[in-house]
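S.K.: quick one, what's the 3D model for this:
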Amino acid sequence: MEYKPSSNSSWVWRRICKVKDELRAGYSNGHWTAQPGEFTPAGCYTWLRGNRPKAQWNKAVWNAWTLPKHQFLGWLVAHEALSTTAKLVRFGMDIEDKCYLCGLISETMEHLFCECHYSRRIVRELNKITAWDFPTRNTMEWCVHRTGTALQRGIQNAMMMSMLYQIWQQRNKSRTENVLLRPEVVAGIIMEEMRSRVRTRERTPMTIEDRDWLSRIRLMI
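M.R.: Alright, predicted model coming up:
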């Protein structure tokens with residue numbers, strides 16, 4: 001417990017030793033006393049984390065209707081962890097911080113998903129198809145306050161995650177390949193992804209109301 005790593009130790013080893021120091025308070029006379037019973041990794045993690053409430057966006061990102069790759073992107077968005085050009089410039093990279101979609105304004109996450117005219121056109125296309133009210137800002141808050149049945153809330157959140165994913169994909173293609181699909185084409189890709197998702201989960205119990213709802217937004221024939 002008293003061991004200290006040398007200054008030239010690797011980052012990984014120094015990080016392991018730091019965790020050891022954080023756990024020191026949970027031991028007494030060589031025994032784990034922070035919680036009842038024997039030491040377990042899950043119990044230790046809970047103890048280190050503390051009694052923090054779940055994030056409001058938890059169910060918006062991690063729901064059964066959302067594709068795993070969309071969940072991961074949604075998680076990054078929720079944590080504001082995407083490597084936008086504005087963030088890379090702050091980290092010291094010598095690049096221009098303009099948006100790769102419109103080329104007009106500094107590429108922050110708020111601009112990319114909420115303010116960029118290219119992203120707004122995708123939102124408008126989806127709103128026309130679904131008759132929903134996809135927002136042009138506060139995307140996670142929109143997901144949290146969805147109404148309707150559990151299936152309807154899940155589908156709406158999944159489509160929002162798909163939209164964020166496709167916008168980020170188009171941004172990356174514009175950066176690396178100098179290619180940008182028309183917004184209506186991207187909206188069509190999002191709708192097809194959701195139709196495919198509904199087909200793969202067609203055995204999920206659905207009420208007549210849910211089936212009618214899926215038909216109205218063109219996700220089920």
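S.K.: so who does Ala158 touch?
M.R.: Residues near Ala158 by C-beta atoms under 8 Å, 6 or more residues apart in numbering: 63, 65-67, 70, 194, 197. To be clear about C-beta, it is placed using only N, CA and C from the backbone, and glycine gets the same treatment.
S.K.: wait, I meant Ala78
M.R.: Ala78 makes contacts with 55, 57, 61, 140, as judged by C-beta under 8 Å, 6+ apart.
S.K.: my guess is the third one meets Gly74, correct?
M.R.: Which is Val61. Yes - when contacts are counted by C-beta atoms under 8 Å, Val61 is listed as touching Gly74 (4.0 Å).
S.K.: quick test: name the residue nearest the centre of the protein.
M.R.: Gly74 (1.1 Å; C-alpha atoms, centre = their mean).
S.K.: need phi/psi at that residue.
M.R.: Gly74 has phi and psi values of phi -60, psi -40 when expressed as degrees, to the nearest 10.
S.K.: next, the buried residues of the helix or strand of the chain with the lowest mean pLDDT.
M.R.: Every helix and strand in the chain was compared by mean pLDDT, DSSP states H and E; the lowest is helix 139-144, with a mean of 77. Under the neighbour-count criterion of 16 or more other C-beta atoms under 10 Å, helix 139-144 has 139-140, 142-144 buried.
S.K.: okay if I get those residues as CSV plus distance to Ser6?
M.R.: Shown next, in CSV, are those (distance: C-beta to C-beta, whole Å):
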residue, distance to Ser6
Thr139, 46
Met140, 43
Trp142, 50
Cys143, 47
Val144, 47
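S.K.: pull the most distant pair out of those.
M.R.: Largest separation among the buried residues of helix 139-144 by C-beta to C-beta: Thr139 and Val144, giving 10.0 Å.
S.K.: picking up where we left off before, now for Val61 and Gly74: what residues contact both?
M.R.: Contacts common to Val61 and Gly74, judged by C-beta under 8 Å, 6+ apart, are Met161.
S.K.: what sits against Trp11?
M.R.: For Trp11, the contact set (C-beta under 8 Å, 6+ apart) is empty.
S.K.: okay, the closest residue to Ile122 other than its chain neighbours and Thr84: tell me how far apart.
M.R.: Spatial nearest neighbour of Ile122, chain neighbours left out: Pro183 (4.6 Å); criterion: C-beta to C-beta, 6 or more residues apart in numbering. To Thr84, Pro183 is 20 Å away according to C-beta to C-beta, to the nearest Å.
S.K.: what of Leu112?
M.R.: Separation of Leu112 from Thr84 (C-beta to C-beta) stands at 6 Å.
S.K.: what of Leu104?
M.R.: Leu104 is 14 Å from Thr84, by C-beta to C-beta.
S.K.: so where's the protein uncertain?
M.R.: 135-138, 221 (pLDDT under 70).
S.K.: just the strands in it please.
M.R.: 27-28, 31-32 (DSSP state E).
S.K.: redo those as JSON lines? Include mean neighbour count.
M.R.: Shown next, in JSON lines, are the strands of the chain (neighbours: other C-beta atoms under 10 Å):
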{"stretch": "strand 27-28", "mean neighbour count": "11"}
{"stretch": "strand 31-32", "mean neighbour count": "13"}
